[in-house]
Each structure stands twice: as structure tokens, then as C-alpha cells.
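Novice: sequence plus predicted model, see below.
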Amino acid sequence: MQTLVPRAAYDRDELGVNTRITLFATVFFGLCMMGMILYMDRGDESALGAFGKATLIGSASGCLFGILLVSLLKVSARRLQDRLYAGDASLVQTPSPDQYSYRLPCGWMYSPRQVVSGILYLGARGLRFDAHLNTPAQLRQSIVLEPVEALTLTQVDTPVPVLARIILGHRTLPRVEIRSGVHSAQFSVPDTAATAEQLRDRLNEL
């Protein structure tokens with residue numbers, strides 16, 4: 001079974017999200033530290049001295065927290081992606097290669113606020129998405145769209161929830177939408193435009 005996208009594509013920060021999260025975490029934690037230091041030092045020294053001390057410590061600790069937070073998130077995400085990409089049997093159940101020829105680790109948009117990680121399979125039978133086995137039970141679903149002749153694929157821009165817009169810096173994000181009659185599903189994939197074109201080509205071949 002062929003994987004459609006190279007592993008390196010999953011590590012690219014196409015939308016600058018990691019930078020935005022680092023900045024947001026730095027500012028948020030730095031301000032919290034400044035407030036705590038100013039509260040603890042109230043009356044012990046001049047207002048100017050207390051503010052300078054709070055600014056220095058808050059800036060340093062905020063930068064350290066932001067960098068460490070994003071580094072930990074990236075390491076955790078990379079480990080999960082490595083296992084998904086490799087088809088770790090303890091994490092994913094691979095369907096028969098007689099029915100599906102291609103696989104694509106990606107995220108299914110369960111809702112505008114919830115992305116479920118798993119594997120998208122495409123083949124002569126149609127399309128199937130399986131959430132990875134560590135997904136909470138209420139989200140661990142299989143999405144099946146058949147037959148392959150009825151599948152249509154488009155790239156869409158989906159709105160981002162208000163709070164996420166502040167962190168991500170985007171009002172919409174590109175997704176791949178696949179339809180079969182009245183049923184449809186949206187997926188978050190790496191390098192959306194190129195991956196959508198690959199999926200469209202594979203559909204045409206099938």
C-alpha cells in the first residue's frame with residue numbers, strides 16, 4: 001500500500017502556527033509572571049524598580065516557557081506522526097490492500113473545533129478513514145464513502161473558531177472535502193493544494 005505524501009511534509013510549518021503559538025505562550029506566561037512578581041514585591045521597593053524587575057524576569061521566563069512548550073508539543077506530535085506513518089500495528093488497523101491501494105495520514109474534521117488523527121485509505125472500493133486506536137472512544141469512528149466512481153474532491157476554506165484565530169492568526173484554513181452523494185467529510189492534510197491534486201489524480205486513475 002503506497003503512502004501518498006512523504007514523511008517530511010508533516011514537519012513543515014506551512015502556516016507559521018508554531019511561531020504564533022510560541023509568541024502567544026511567551027506573552028501570556030510573561031504577563032502572568034510580571035503580575036505575580038509585582039504582587040509579591042508590592043511595598044518592598046520603588047514602583048519603577050519593581051516594574052523593571054518584573055519586566056526582566058517576566059520576559060526571560062516567558063521566552064523560555066514559549067520555546068519549551070512548542071518544543072515539547074512538536075516532539076510529541078512528531079512521535080505520533082512517525083507511528084502513524086509507519087503503520088504501527090498498536091496504533092492503526094490496516095485494511096486489506098486488495099480494497100485500498102493508497103494511504104494518507106491526516107486529520108478528519110469531526111467538528112470545526114475538533115480534529116481526529118488517523119489514516120485515510122483510497123482504493124477500488126472507495127474511501128475509508130480510520131481514527132488511530134488511542135483516540136477517545138466517542139471519537140474513534142470509521143468514515144466510509146463508496147463507491148469510488150461517486151467520489152468528488154474539492155479544496156475548501158473552513159472558518160476557524162474565534163479563540164483559535166487569535167492563536168493561529170488565520171480566519172480560515174484550507175481543507176480537502178470529499179463527497180459521495182449527500183455524504184461528505186473534510187480532512188486536514190499537509191501541503192493542502194498539492195495533496196488535493198494527488199488525491200484527485202488517484203481518484204481519476206481508479
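Specialist: Right, received. Where do you want to start? Values in this document were obtained by computation on a predicted structure and should not be read as measured data. Residues are numbered from 1 along each chain as shown.
Novice: going along the chain, name the helices of this structure.
Specialist: Applying DSSP state H to the chain gives helices spanning 17-40, 47-86, 162-168, 192-205.
Novice: against which helices or strands is the shortest one packed?
Specialist: Okay, so that is helix 162-168. helix 17-40 (3 or more C-beta pairs under 8 Å, 6 or more residues apart in numbering; DSSP states H and E). (Glycine included, C-beta is placed from N, CA and C.)
Novice: so Ile166 makes contact with Phe24?
Specialist: Yes: if you go by C-beta atoms under 8 Å, Ile166 and Phe24 touch, sitting 7.4 Å apart.
Novice: outline the domain layout of this protein.
Specialist: Structural domains assigned to the chain are 15-86, 90-205, following automatic domain parsing.
Novice: by mean pLDDT, show me the worst of the ones you listed.
Specialist: With a mean of 76, domain 15-86 has the lowest mean pLDDT of those.
Novice: Ile166 and Phe24: who's more crowded?
Specialist: Phe24 (17 against 11; other C-beta atoms under 10 Å).
Novice: just list the residues touching that one, thanks.
Specialist: Gly66, Ile166, Ile167 (C-beta atoms under 8 Å, 6 or more residues apart in numbering).
Novice: now with 6 Å?
Specialist: Ile167 (C-beta atoms under 6 Å, 6 or more residues apart in numbering).
Novice: do Ile57 as well
Specialist: Ile37.
Novice: likewise for the one 3 residues further on?
Specialist: Contacts here follow C-beta under 6 Å, 6+ apart; on that basis Ala60 touches nothing.
Novice: having no further points to raise, I will conclude here.
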